[in-house]
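[1] mind folding the following:
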Amino acid sequence: MTKWGMAASAALLALTGAAPAPRAPQSTAVTPQASRWGSFRDAYVEELFRLDPGYAIYQGRHDLDGQVQDWSPAGLKRLGEFYRRSLVAARAMPVRGMTAQDRFERDYLIKVTEGRLFWLEDADQPHHNPQWYMTAGLDPNVYIARNYADATTRARALTKFFLAVPAAAANIRANLATPMPLSFAEFGAAGFNGFADYYTGDAVRAFAGVKDERVQRDLKTAAASASAAMRALGGWMEQQRPSATSDFALGAPRFARMLATTEGVTLPLAQVEAAGRADLARNRAALVAACAQYAPGTTVPVCVKRMKSDKPADSAVAEARRQIPRLRAFVVENDLVTIPGTEQALVEEAPPYMRQNPAYIDPPGPFERNIPSIYYISPPDPAWDKATRDAFVPAKDDLLFTSVHEVMPGHFLQFLHANRSPSLFGRIFVGYAYAEGWAHYSEEMMWEAGLGQGSAQVHIGQLSNALLRDCRFLSAIGLHARGMTQEQSRQMFVDQCYQDEGNARQQSARGTYDPAYLNYTMGKLMIRRLRADWTATHGGRAGWKAFHDRFLSFGGPPIPLVRQAMMGEKTARAVF
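    Alright, predicted model coming up:
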């Protein structure tokens, strides 16, 4: 998972050759409606940043450094009022006289706001889900991994942040309702305790070179206080285990509202589920065929286990560092998509508070320049037995498509394009299905383009990743709308998608507190259908690069909005 959003100038966009979002012919004169829209949009962003400074800081707004969101009842109420007020104003704004780009941005703003309001009030995550706080401002990595200023300046900002953490922790404890689902209690305990370790450990050590003794002293004192607050919160979460429940499901009506408000997908849930089952069947059939070539005479589980036994000789981090330049060269040689800019993606081990997923990337924000992205890979949980830990370490060909997904041409490349979007909203708000859908789509697209030169072992690596996402898709619907238990989800990951035990445990737990993780496959399916429909009149296979550049130029809105713009359709709709 990442904190989405990047930016750059329209001039650089033109120089790099990335295609701009489609616009209707228009005069260079600024109409009153266009001026009104621009003022409204900019004011919206500024007010949101003040209400949610953690999000703003991750976009690179370092004038807000050190601030933590107000999670008190009054603070949450102000945020909800802002979203509702903004929706009324945006919907009431006349579109006549707006440019096509501004009309698109207005629809984009409305969907972003509807989605944020869903999580805040309809799903009521601040009172039920510790993930709300994990991804909304408690992570100090922005001050540590991004060299946006000198070390002393960042140390002072981090100190200010640490000083705000105890009050934030008190609000979190007051907000979270009990009893809570067991998976939530375990996730919260691991995450908050991970923050406690990180605050006084790696976070402080990152600034060991700062010469100012007072800065060092203030940082260590504040870190100790923040760590103690997180440790107490983590301990409180652990205390919830005896009374924990299995009541995590959103329920089918609310799950359908989640799809509609966050991603613009209004299809009947049964139709959405059928699309996921069809993709699972397609990928399972492809896996059977690949295994017949790779390991004839064996079962599929034995075949997959054989592929997964080909581990990196040293470490997953070292192997990923070797893979990235090879993947970049493949993209260039096959002319698949424009690579704008010269930014780099570095590979590191994931910090202890962010190991609930095997890998993720943290790109810099749209208001930052010349800062690398960090591709993090999680080590096995030391609490697992040796066999489970060993199985969790990714095989080389499994990791290859994780690197495709996270870096090239997945998230890293995607954010290079978002960084250059002509839309302010495109640079700041990159949605879940758009981002994860593109990254997951990239995996299959790279195989189709010839990555691996037809090797059955490489294909099995790609299919293993695809099946993981298919089971996320069906698990999300099953857990939240069909009465599936967490144990049934774990078994599905093992039996239907051939995942190792460690991944199956992680993913079945994640599905309880991240119901939107179906967006990987759902986004991929919408992008594949859009590519087929768009390239049908734009050169077929030869039109892939133009399609990719055009698609990425939008930044990150709900995919139905992108389809409407690219296909010239009257309404925004999801098509699989």
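[2] against I371, how distant is L163?
    Distance, L163 to I371, using CB to CB, to the nearest Å: 25 Å. For every residue, glycine as well, the C-beta is placed using N, CA and C.
[3] same thing with A232?
    With distances taken as CB to CB, A232 is found 34 Å from I371.
[4] next up, the contacts around the nearest residue to L51 once chain neighbours are set aside.
    With sequence-adjacent residues excluded and distances taken as CB to CB, 6 or more residues apart in numbering, L51 is closest to L79, at 5.1 Å. L79 makes contact with L51, D52, L120, according to CB atoms under 8 Å, 6 or more residues apart in numbering.
[5] cool, I144 as well?
    Contact partners of I144, counting by CB under 8 Å, 6+ apart, are R154, L158, D202, A203, A206.
[6] what about the third one, neighbour count?
    The reference is to D202. 14 (other CB atoms under 10 Å).
[7] how about the fourth one?
    Close neighbours of A203, defined as other CB under 10 Å, add up to 24.
[8] go through the host helix or strand of R91 and flag the buried ones.
    Assessed by DSSP states H and E, R91 sits inside helix 73-92. Residues of helix 73-92 classed as buried: L76, L79, G80, F82, Y83, S86, A90 (neighbour count, 16 or more other CB atoms under 10 Å).
[9] now swap in stretch 65-75 and tell me
    Buried residues in stretch 65-75 (16+ other CB under 10 Å): D65, G66, Q67, V68, Q69, D70, W71.
[10] so the last one, which of the three states?
    For W71, the reduced secondary structure class is coil; criterion used: DSSP: H, G, I helix; E, B strand; the rest coil.
[11] can you pull the contacts of Y199?
    Contact partners of Y199, counting by CB under 8 Å, 6+ apart, are P140, F162, V165, A223, A226, S227, M230.
[12] and those residues, which is closest to D514?
    Relative to D514, the closest of these is M230; by CB to CB it sits at 21.1 Å.
[13] so for the helix or strand encompassing the closest one, mean pLDDT?
    Here M230, judged by DSSP H and E, is contained in helix 213-239. Helix 213-239 shows a mean pLDDT of 98.
[14] elements contacting that helix?
    Contacts defined by 3 or more CB pairs under 8 Å, 6 or more residues apart in numbering; DSSP states H and E place helix 213-239 against helix 151-175, helix 182-200, helix 202-205.
[15] JSON lines for the ones you listed, including distance to S39 and mean pLDDT?
    Putting the helices and strands packed on helix 213-239 into JSON lines (distance: least, CB to CB, whole Å; pLDDT from 0 to 100) gives the following:
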{"stretch": "helix 151-175", "distance to S39": "30", "mean pLDDT": "98"}
{"stretch": "helix 182-200", "distance to S39": "39", "mean pLDDT": "95"}
{"stretch": "helix 202-205", "distance to S39": "39", "mean pLDDT": "93"}
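[16] in a strand, that's where Y360 is, yeah?
    Yes: the assignment for Y360 is a strand, going by three-state DSSP.
[17] measure how buried it is and give me the count.
    Neighbourhood size, Y360 [other CB under 10 Å]: 20.
[18] what pLDDT does K305 get?
    Note for K305: predicted pLDDT of 91.
[19] let me redo that: R369
    86.
[20] returning to what we had before: and the helices and strands packed on helix 213-239: which comes nearest A295?
    helix 182-200 (35.1 Å).
[21] angle of the closest one against helix 151-175?
    150 degrees (axes from the mean of the first three to the mean of the last three CA atoms, to 10 degrees).
[22] check which residues of helix 182-200 are buried.
    By 16+ other CB under 10 Å, the buried positions in helix 182-200 come out as 182-200.
[23] ditto for stretch 224-238
    Buried residues in stretch 224-238, counted by 16+ other CB under 10 Å: 225-234, 236-238.
[24] check the offset of that stretch from the chain's centre.
    The chain centre lies 26 Å from the centre of stretch 224-238; the measure is CA atoms, centre = their mean, to the nearest Å.
[25] neighbouring contacts of it?
    For stretch 224-238, the surrounding residues in contact (CB under 8 Å, 6+ apart) are 130, 138, 161-163, 165-166, 168-170, 172-173, 185-186, 188-193, 195-197, 199-200.
[26] output that stretch as PDB, nothing but the C-alphas.
    Output in PDB follows, covering the C-alpha atoms of stretch 224-238 (Å, rounded to 0.1, in the frame of the first residue of the first chain):
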ATOM      1  CA  ALA A 224      10.600   8.200  24.100                       C
ATOM      2  CA  SER A 225       7.300   9.800  25.000                       C
ATOM      3  CA  ALA A 226       5.700   8.900  21.700                       C
ATOM      4  CA  SER A 227       7.000   5.400  21.900                       C
ATOM      5  CA  ALA A 228       5.600   5.000  25.400                       C
ATOM      6  CA  ALA A 229       2.200   6.200  24.100                       C
ATOM      7  CA  MET A 230       2.300   3.700  21.300                       C
ATOM      8  CA  ARG A 231       3.400   0.900  23.600                       C
ATOM      9  CA  ALA A 232       0.500   1.600  25.900                       C
ATOM     10  CA  LEU A 233      -1.900   1.600  23.000                       C
ATOM     11  CA  GLY A 234      -0.400  -1.600  21.600                       C
ATOM     12  CA  GLY A 235      -0.800  -3.200  25.100                       C
ATOM     13  CA  TRP A 236      -4.400  -2.100  25.300                       C
ATOM     14  CA  MET A 237      -5.000  -3.700  21.900                       C
ATOM     15  CA  GLU A 238      -3.500  -6.900  23.100                       C
END
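[27] going forward can the numbers begin at 494, since that is how I track them
    Happy to do that; since the first residue is 494 now, the last one works out to stretch 717-731.
[28] tell me how far V1068 lies from P1053.
    Note on V1068: its distance to P1053, by CB to CB, is 8 Å.
[29] which residues do these two both contact?
    The contact lists of V1068 and P1053 share M1019, where a contact means CB under 8 Å, 6+ apart.
[30] which of those two has more residues huddled nearby?
    P1053 (23 against 17).
[31] I figured the more buried one hits T755, correct?
    No: applying CB atoms under 8 Å as the test, P1053 and T755 come out as separate, 11.5 Å apart.
[32] what's the spacing between the nearest residue to P1050 once chain neighbours are set aside and R1056?
    Closest residue in space to P1050, ignoring its immediate chain neighbours: Y601 at 4.6 Å, by CB to CB, 6+ apart. Per CB to CB, Y601 is found 13 Å from R1056.
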